[in-house]
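*Asks:* Sharing a sequence plus its predicted fold:
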Amino acid sequence: MLNNYIERLRMLLIENDIEDADSYIDYIEEMVTDRRDNGESEEDILASLEDPEVILATLKEDDLSADIRSARRPSEERKEDGEEKTYVYENIEDIDIDVTDCDVRIYAGSSLINTVTVSRDPSDRIKVRCDDDELSIEQEGFSYALGWPFFKIQGSLPVHEKPLITIELSNEELKSLEFSNVSGRSEFMDLTFRDIEIESVSGSIDIRSCHSRDAEIETVSGSITAVNIGAERSISLQSVSGRIETRHLLSRNIQAESVSGSIDLLIEGNESDYRIDIEKIMKEQHLNRYGHNTLSIETVSGIISYAFTE
Amino acid sequence: MDVQLKRGSLDACVLASLLNEDSYGYKIIQSLSGTVDISESTLYPILRRLENGGCLKSYSVEHNGRLRKFYSITEKGKDRIREYLTDFKELLSVYNYIAKEVKRDAE
């Protein structure tokens, strides 16, 4: 009977990938033998032993606690096949990403685990670091002076192929997102941060269904697309020549600035709630109204259009 | 009891049971039986955690033709007990304050 119990337990622990199943079985066998040596009957021992499912739950809970305590380093590097690498982190609060020429996609997943997937094996020039509570990705060894050196040196990647970094974050609210890219496309979806700062030089920025206290999005020549963005205190969108297009912005203070790019805003709420300042320097157009929120739009030569949902 | 507090207390109990002599799983449960209710499946993760954390060391001894795993406490384990006692002393003064205020409120 005891042998059946132990075998059932062994199979259950193995099926559920308990890290040290063998070690636990050794432990329980020793425990059972000691009890038998001390005069307990097999029936009594069996009756007192916990159901294997309960033991499994206890061991799993302890594994989870151990993982959370060691959250300041990648808990796992799950996959490495030359094309794609996945790093798994936990308890990340701040996200700091600085890359040069990568396409990046950041979105909220459903688990408590934060994963980073770097595809097309750009590992020798993209560093994924996790210090304290900060996850950081840096791209190094890139120089415009040499003209796309990485791709030429490697020889294995066509010039037009950018590495893709996919980041799946837990749904829990995170402290801050600081993101900087040069020429890659950057996408953000379904995220909640206390603060968001996104910068790009020529890459487009696409941000959808994100919430924060303050959101700052800035680009030189890339476009900014912002849809369903709520920021309790302020939203700032800035571009030199890139187009700014938004749908359903919600914030007490909204600021959109562009030198020559067009600005197209659809703002949640009633126009009468906003004090609206529009400066279009080339055409000397000024418009001021008064409300308890503020909307400020500024451009030199770009086309401005704005509307409210109510 | 709060999970972390309970975890810390169980860790300290297991460590304390090893202060005067090295011991093994079954005997640890026996020696704690009058103090805390601890099952085999609860003890195992504690031993593993303490060993991984350097608070315990283990070694095997042959006994009746089989190997029995003994645990001994390390200096780090003794430090852990001292930390626990210090923390608990602080907690006790908080408890005394709360109990005193509750008593005053009742009067």
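*Replies:* Okay, I see it. Numbering: from 1, shown residues only, chains lettered A, B, ... in the order given.

*Asks:* Surely residue A:300 touches residue A:260?
*Replies:* Yes: Residue A:300 lies in contact with residue A:260 (Cβ atoms under 8 Å); the separation is 6.3 Å. For the C-beta atoms, the positions are set from N, CA and C on the backbone; glycine is no exception.

*Asks:* Whichever strand or helix holds residue B:87 close to chain A?
*Replies:* Counting by DSSP states H and E, the element that carries residue B:87 is helix B:75-106. No: if you take Cβ under 8 Å from any Cβ of the partner chain as the test, helix B:75-106 misses chain A, and the best it gets is 14.6 Å.

*Asks:* and the most far-flung residue of chain A relative to its centre, which of the three is it?
*Replies:* Taking Cα atoms, centre = their mean, the residue of chain A most remote from its mean C-alpha position is residue A:39, at 57.7 Å. Remark: residue A:39 carries the secondary structure label coil [criterion: DSSP: H, G, I helix; E, B strand; the rest coil].

*Asks:* again with the one 5 residues further on
*Replies:* For residue A:44, the assignment made with three-state DSSP gives helix.

*Asks:* where does it land on pLDDT?
*Replies:* pLDDT recorded at residue A:44 is 87.

*Asks:* next one: residue A:171
*Replies:* The confidence metric pLDDT takes the value 64 at residue A:171.

*Asks:* for residue A:199, same thing?
*Replies:* Per-residue pLDDT puts residue A:199 at 91.

*Asks:* host element of it?
*Replies:* strand A:193-200.

*Asks:* For that strand, enumerate the helices and strands it packs against.
*Replies:* When contacts are defined as 3 or more Cβ pairs under 8 Å, 6 or more residues apart in numbering or on different chains; DSSP states H and E, strand A:193-200 sits against strand A:174-181, strand A:186-189, strand A:205-219.

*Asks:* what's the angle between the first one and strand A:193-200?
*Replies:* If I follow you right, that is strand A:174-181. 0 degrees (axes from the mean of the first three to the mean of the last three Cα atoms, to 10 degrees).

*Asks:* Equivalent analysis for the longest one, please.
*Replies:* An angle of 80 degrees separates the directions of strand A:205-219 and strand A:193-200 when computed by the same axes, to 10 degrees.

*Asks:* Can you dump the C-alpha atoms of strand A:205-219 in CSV for me?
*Replies:* The C-alpha trace of strand A:205-219 is given here as CSV (Å, rounded to 0.1, in the frame of the first residue of the first chain):
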residue,chain,number,x,y,z
ILE,A,205,5.6,54.9,-32.3
ASP,A,206,2.3,53.1,-32.0
ILE,A,207,0.7,53.1,-28.6
ARG,A,208,-2.7,51.7,-27.8
SER,A,209,-4.9,51.1,-24.7
CYS,A,210,-2.2,52.3,-22.2
HIS,A,211,-2.7,54.1,-18.9
SER,A,212,-0.4,56.1,-16.7
ARG,A,213,-0.1,59.2,-14.5
ASP,A,214,2.0,61.1,-17.1
ALA,A,215,2.8,60.0,-20.6
GLU,A,216,5.5,61.7,-22.7
ILE,A,217,6.0,60.5,-26.3
GLU,A,218,8.6,62.2,-28.5
THR,A,219,10.0,61.6,-32.0
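
*Asks:* Would you mark the buried spots in it?
*Replies:* If you call a residue buried by 16 or more other Cβ atoms under 10 Å in any protein chain shown, then strand A:205-219 has these buried ones: A:205-212, A:214-219.

*Asks:* Nearest to chain B among the helices and strands packed on strand A:193-200 would be which one?
*Replies:* strand A:174-181 (22.8 Å; Cβ to the nearest Cβ).

*Asks:* How about the residues of chain B by chain A?
*Replies:* Within chain B, the positions adjacent to chain A are B:7, B:24-27, B:29, B:39-42, B:44-45, B:47-49, B:64, B:66-69 by Cβ under 8 Å from any Cβ.

*Asks:* Which of the residues you listed fall in strands?
*Replies:* The strands, defined by DSSP state E, take in B:24, B:66, B:67, B:68, B:69 from the residues of chain B next to chain A.

*Asks:* among these, which two are most distant?
*Replies:* Farthest-apart pair in those is B:24 and B:66; separation 11.6 Å (Cβ to Cβ).

*Asks:* Between those two, which is the more surrounded one?
*Replies:* A count of neighbours by other Cβ atoms under 10 Å in any protein chain shown puts residue B:24 above the other of residue B:24 and residue B:66, at 20 against 13.

*Asks:* Quick check on the residues of chain B next to chain A: which are buried?
*Replies:* In these, burial by neighbour count holds for B:7, B:24-27, B:29, B:40-42, B:44-45, B:47-49, B:68, counting by 16+ other Cβ under 10 Å.

*Asks:* which of those residues has the weakest pLDDT?
*Replies:* Minimum pLDDT for those is recorded at residue B:7 (74).

*Asks:* picking that back up, what sits in contact with each of residue B:24 and residue B:66?
*Replies:* Taking Cβ atoms under 8 Å, 6 or more residues apart in numbering or on different chains as the criterion, residue B:24 and residue B:66 both touch residue A:30.

*Asks:* hey, C-alpha coordinates of stretch B:39-46 in PDB?
*Replies:* Output of stretch B:39-46 as PDB, limited to C-alpha atoms (Å, rounded to 0.1, in the frame of the first residue of the first chain):
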ATOM      1  CA  SER B  39       3.800  17.700   8.500                       C
ATOM      2  CA  GLU B  40       6.300  15.800   6.400                       C
ATOM      3  CA  SER B  41       5.400  17.800   3.300                       C
ATOM      4  CA  THR B  42       5.700  21.100   5.200                       C
ATOM      5  CA  LEU B  43       9.100  20.200   6.700                       C
ATOM      6  CA  TYR B  44      10.700  19.200   3.400                       C
ATOM      7  CA  PRO B  45      10.500  22.700   1.700                       C
ATOM      8  CA  ILE B  46      11.800  24.200   5.000                       C
END
